[in-house]
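1. Fold the stuff below for me.
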Amino acid sequence: MARAAPLRLFLRLELGEDVAIGPGKADLLAGIAETGSIAAAARRMGMSYKRAWLLVETMNGCFRAPVVLAARGGRGAGGARLTAEGEAVLAAYRSLQRAAEAAAAPHARAIARLARPAKGRP
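-> Predicted structure coming up:
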């Protein structure tokens, strides 16, 4: 008998028309923290620098203080880092993700038992 694909919880927080933070933006913040670069974090995620920059600008506009500070400069001179606000936002979002996944797990299992197998999977 084919098994249903596991259900995933997708959590994003919206502020008006903007998505303040969600899984992709959280991954982008984590990538910036790890690489010190918006461009490097974007490459890791397979997105354009322009798209990453737009996401950073949106996040910077959604919170009381910027979450990312970037310095211009190009190869070897520029860079980016999370601010204290950015570190706090990322930590709070990851904590919220873990709590939501734990709370949703029994409900997701009940729904998964009723789901059809995912397309393309045995």
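2. Spell out the secondary structure type for the closest residue to R44 other than its chain neighbours.
-> What sits nearest to R44 in space, not counting adjacent residues and going by CB to CB, 6 or more residues apart in numbering, is G31, at 5.2 Å. (Glycine included, C-beta is placed from N, CA and C.) Look at G31: counting by DSSP: H, G, I helix; E, B strand; the rest coil, its state is helix.
3. give me every residue that touches G31.
-> Taking CB atoms under 8 Å, 6 or more residues apart in numbering as the criterion, G31 is in contact with 40-42, 44-45.
4. as a whole number, average confidence for the longest helix that the chain contains?
-> The residue-count maximum for a helix in the chain (DSSP state H) belongs to helix 84-114. Averaged over helix 84-114, pLDDT sits at 95.
5. tell me which strands and helices that helix is in contact with?
-> Judged by 3 or more CB pairs under 8 Å, 6 or more residues apart in numbering; DSSP states H and E, helix 84-114 is in contact with helix 23-35.
6. The helix it packs on to helix 84-114, inter-axis angle?
-> Here the directions of helix 23-35 and helix 84-114 differ by 130 degrees (axes from the mean of the first three to the mean of the last three CA atoms, to 10 degrees).
7. List the buried residues in helix 23-35.
-> By neighbour count on 16 or more other CB atoms under 10 Å, the buried set for helix 23-35 is 25-26, 28-33, 35.
8. From the chain's centroid, how far away is it?
-> On the basis of CA atoms, centre = their mean, to the nearest Å, helix 23-35 sits 7 Å off its chain's mean C-alpha point.
9. now the very next helix or strand once past it and helix 23-35, what's the angle there?
-> Counting by DSSP states H and E, the next helix or strand C-terminal to helix 23-35 is helix 38-45. Angle, helix 38-45 to helix 23-35, by the same axes, to 10 degrees: 120 degrees.
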